[in-house]
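K.L.:
Quick one, what's the 3D model for this:
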Amino acid sequence: MSACCDPSGCRRMFDARHAERNARDFRKKGLDATGERLVRSVARRGLTEARVLEIGGGVGGLAIELLRAGAARAVNVEISPEYEGAALGLARDLGFEGRIERVIGDAAEVVPALGPFDVVVMHRVVCCYADADRLMSVAARASQRLLALTFPRPTPIVRLGLAVGNLWFRIIRNGFRVFAHSPGTILGAVAREGLRPVEDFEGFFWRGVVLERGT
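P.N.:
Numbering: from 1, shown residues only. Modelled structure (predicted):
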């Protein structure tokens with residue numbers, strides 16, 4: 001069993017059609033507002049020659065923007081193989097094909113073998129994992145300098161929205177689930193690995209945090 005949930009559910013949820021739509025939207029509009037803010041926050045702390053890991057990166061939008069902002073290379077770990085065609089096409093069309101490596105698999109399992117990174121980014125990812133503590137511990141260990149992530153704010157209305165989504169997944173017999181992990185669980189796992197928050201921002205649904213490794 002994947003640390004995410006049912007792997008077949010992830011593949012069904014994030015299928016090739018979904019990937020093509022994401023790639024098309026990125027070509028037209030770029031990242032969503034929260035993703036853009038996450039990139040700006042990381043870029044302000046320096047990306048020159050940085051090696052970046054994007055966990056749960058989908059078509060690789062954050063990786064592309066971080067490369068544009070000065071990073072040298074990026075690795076995108078994605079659990080669904082259905083993203084590959086759209087992601088490779090997007091990287092090729094935008095001139096980043098040789099600078100982004102794609103790895104298929106559960107990040108909690110494959111990231112430890114990929115080596116250290118200067119920067120790790122996770123946008124709308126931890127809410128797809130049942131075991132947030134494990135995922136965040138793995139992500140934090142992989143980062144030598146910065147870790148930036150977004151996750152749902154655990155407000156009553158957000159929790160209700162996630163519960164309704166999970167009810168729908170059950171109705172259609174899809175094993176995919178979403179999770180409203182507590183900020184204490186998410187950030188506590190990172191703190192144990194020696195990273196401290198240096199920026200924190202919130203929107204209606206998402207909270208973003210940038211953390212830096214202590215010296």
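K.L.:
quick one: Ala86 from Leu31, how far?
P.N.:
16 Å (Cβ to Cβ, to the nearest Å). Glycine gets a C-beta too; all of them are placed from N, C-alpha and C.
K.L.:
Looking at the two, which has the bigger crowd around it?
P.N.:
The residue with more neighbours, out of Ala86 and Leu31, is Ala86; 22 against 17, by other Cβ atoms under 10 Å.
K.L.:
can you count the residues close to Gly89?
P.N.:
Neighbours of Gly89 using other Cβ under 10 Å come to 15.
K.L.:
State the helix or strand in which the nearest residue to it once chain neighbours are set aside lies.
P.N.:
Distance criterion Cβ to Cβ, 6 or more residues apart in numbering; nearest residue to Gly89, sequence neighbours excluded, is Ala23 at 6.8 Å. Assigning secondary structure by DSSP states H and E places Ala23 in helix 16-29.
K.L.:
Could I get the CA-only coordinates of that helix as CSV?
P.N.:
Taking Å, rounded to 0.1, in the frame of the first residue of the first chain, the C-alpha atoms of helix 16-29 are listed here in CSV:
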residue,chain,number,x,y,z
ALA,A,16,-3.8,11.6,-18.7
ARG,A,17,-6.8,13.8,-19.4
HIS,A,18,-6.3,15.6,-16.1
ALA,A,19,-2.6,16.0,-16.9
GLU,A,20,-3.2,17.4,-20.3
ARG,A,21,-5.6,20.0,-18.8
ASN,A,22,-3.0,21.0,-16.2
ALA,A,23,-0.3,21.4,-18.9
ARG,A,24,-2.7,23.5,-21.1
ASP,A,25,-3.6,25.7,-18.1
PHE,A,26,0.0,26.2,-17.3
ARG,A,27,0.9,27.2,-20.8
LYS,A,28,-2.0,29.8,-20.8
LYS,A,29,-1.9,31.1,-17.2
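K.L.:
Quick one: name whatever helix or strand follows that helix.
P.N.:
That would be, after helix 16-29 and using DSSP H and E, helix 33-43.
K.L.:
Could you tell me the angle between that following helix and helix 16-29?
P.N.:
Angle between the axes of helix 33-43 and helix 16-29 is 70 degrees (criterion: axes from the mean of the first three to the mean of the last three Cα atoms, to 10 degrees).
K.L.:
Not counting its own residues, what contacts helix 33-43?
P.N.:
Contacts of helix 33-43 with the rest of the structure, by Cβ atoms under 8 Å, 6 or more residues apart in numbering, involve 30-31, 61-62, 65-66, 69-70, 119, 121, 123-124, 146, 148-150, 199, 201, 203, 206, 208, 210.
K.L.:
What is the following helix or strand past it packed up against?
P.N.:
On the C-terminal side of helix 33-43, the closest following helix or strand by DSSP H and E is strand 51-55. Applying 3 or more Cβ pairs under 8 Å, 6 or more residues apart in numbering; DSSP states H and E, one finds that strand 51-55 makes contact with helix 61-68, strand 73-78, strand 117-122, helix 132-142.
K.L.:
Go through these and pick out the most buried.
P.N.:
Highest mean neighbour count among the helices and strands packed on strand 51-55 (mean count of other Cβ atoms under 10 Å): strand 117-122, with a mean of 26.
K.L.:
That one packs against which elements?
P.N.:
Applying 3+ Cβ pairs under 8 Å, 6+ apart, we find strand 117-122 packed against helix 33-43, strand 51-55, helix 61-68, helix 132-142, strand 143-152.
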